[in-house]
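S.K.: have a look; sequence and predicted model below, questions after that.
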Amino acid sequence: MTGGFPSECHFMDVPYRSRYSLGSLIVIFTGSNLISMGLRIVGGFLVARFTDPAILGLFNGLGLVLSYTPFLLLGLPNGMNRELPYYYGKGDATKAKELAATAQTWALLVSSVVAASLLGLAGYYAIKGDWLLSAGWTVQACGAFFILYGQFYLEMTFRTQSDFVKISIIQVIQQTIGLCSVALVWVADFLGLCARAMLMGFSYLGLLWYWRPLRVRPQWNWFNFQHLIKVGMPIFVVGQMNLWWGASISTAILFLMGTRSLGIYQVASIVNATIVTLTNSAAQVTYPRMVEAYGKGARLSQVLGIPQKAILVSILIGIPAVALGWILMPAAIEFLLPKYTGGIHAAQWTLLAALAFCLLPVMNAFNVIGRQGLYAFTTTVGIVVNLASLFWLGQNGFELEMFAQSFVLGKFASFALGILILFYLAKSEPPPLQMEAAP
């Protein structure tokens, strides 16, 4: 069916406008991410405290299957994330809604297929009488909807409509439920893990659905489907390149220094994950506004100006924060994680990556103007600099901090090259056409 737009659509014909300023949204979103992360860390620690490692490993192992399923979405959520604010900026709300309807259809279809497959596994183990595995696979089947439809479609509509306050509230509520439901794990072990995951997932999906800012019915449109893949797949691939970059660090440590060193490096990994969470807040808030401005006809130089204030504030806060973290890190690790003191220097050097990640919002301009090939090029250069500097530093033997040092060098190289390319593109833009004066 490729006809007109779905009849159920209560969303306004103009893009959502938050009553909060850009700076306020960044502060709120960053603060909520910090709270959510803190709740998640405490909940994870308590779950590990109450659960046998073998049981927890079994549950987490089942969940790995869902980590690969986002590939099945073919980049449609990334395409929607870019195209919705773009078409709202152009004043074409109908096209934006049609794209969202197609993206929703695909997310529901993929979720249903994955869920049905995993429910088949659950049924198989139920027939065999293995009720624990049956329950575990049932949870993963529901998780297909929580992740593929909830996270990759519903949550994305909040971001494209700049509704970051509501998504912040939802995330805090979800992690609060997760912390309170740790009691289920203490009482029921593996089944408690399953019940906790279901409770967190359904509450998350329910809140996203109740507060969804874009109320359209699923509707298939083959041309919109192709369009979203064309736009979204390159963005998705570049995002995966950055994920693989992080995974390559762990792989190099494993092969060059062994499993114990990889375990000790976990401290630096936690620091890096925290940095990414915080710096992503500014990038996620500014991205829809950059796209919308571009859709309205803004030049690249104007688009690059949108995140400048957020970047400046991040750097001004980041410099003293990194310095303080460098000073306090040794004492904190010695007190909280005495078995991981060998990772102190690596964690300290990883802190410096925060100053590079402050520049992340401006790198989104590659996605705004559809030049993901150049973005992939800067990422590739960063990876090459990372590996080259690692082996140069390790000529006489590898130390754990060398992996963090080379990672920081690679990130700075990638972002510096990206900014140079963007400013070159902005400077090379042809001047806007001047209207001739009426006689």
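M.R.: On my side now, so go ahead.

S.K.: surely Val285 meets Phe164?
M.R.: Yes - counting by CB atoms under 8 Å, Val285 touches Phe164, with 5.8 Å between them. (Glycine included, C-beta is placed from N, CA and C.)

S.K.: name the residues contacting each of these two.
M.R.: 25, 29 (CB atoms under 8 Å, 6 or more residues apart in numbering).

S.K.: more crowded one of these two?
M.R.: Val285 (26 against 23; other CB atoms under 10 Å).

S.K.: local confidence estimate at that one?
M.R.: Val285 is assigned 82 on the pLDDT scale.

S.K.: show me the shaky parts of this protein.
M.R.: Segments of the chain classed as low confidence (criterion: pLDDT under 70) are 1-23, 48, 53, 160-162, 431-439.

S.K.: domain map for it?
M.R.: Residue ranges for the domains of the chain, per automatic domain parsing: 8-220, 229-427.

S.K.: ok now the first one, how far from the chain's centre?
M.R.: Read that as domain 8-220. Domain 8-220 sits 12 Å away from the centroid of its parent chain (CA atoms, centre = their mean, to the nearest Å).

S.K.: kindly report the same for stretch 282-295.
M.R.: Taking CA atoms, centre = their mean, one finds stretch 282-295 lying 16 Å from the centre of the chain it belongs to.

S.K.: now do the same contact list for Ser389.
M.R.: 405-406, 409-410.

S.K.: what separation is there between it and Arg49?
M.R.: Relative to Arg49, Ser389 is positioned 39 Å away (CB to CB, to the nearest Å).

S.K.: if we can go back for a sec, determine which two of the contacts of Ser389 are furthest apart.
M.R.: Gln405 and Gly410 (9.8 Å; CB to CB).

S.K.: of the two, give the one with the bigger neighbour count.
M.R.: Gly410 (25 against 20).

S.K.: from the middle of its chain, how far away would the strand or helix carrying the more buried one be?
M.R.: Gly410 belongs to helix 400-428 when assigned by DSSP states H and E. In terms of CA atoms, centre = their mean, the centre of helix 400-428 is found 20 Å from the chain centre.

S.K.: mind giving me the packing neighbours of that helix?
M.R.: For helix 400-428, the elements it packs on are helix 222-257, helix 266-295, helix 300-305, helix 344-351, helix 353-357, helix 360-363, helix 365-368, helix 372-393, judged by 3 or more CB pairs under 8 Å, 6 or more residues apart in numbering; DSSP states H and E.

S.K.: alpha carbons of the helix or strand hosting Arg260, as PDB, please.
M.R.: Using DSSP H and E, the element containing Arg260 is helix 259-264. Taking Å, rounded to 0.1, in the frame of the first residue of the first chain, the C-alpha atoms of helix 259-264 are listed here in PDB:
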ATOM      1  CA  THR A 259      42.900 -11.800  29.600                       C
ATOM      2  CA  ARG A 260      44.100 -10.400  33.000                       C
ATOM      3  CA  SER A 261      45.200  -7.100  31.400                       C
ATOM      4  CA  LEU A 262      41.900  -6.900  29.500                       C
ATOM      5  CA  GLY A 263      40.100  -7.200  32.800                       C
ATOM      6  CA  ILE A 264      42.200  -4.500  34.400                       C
END
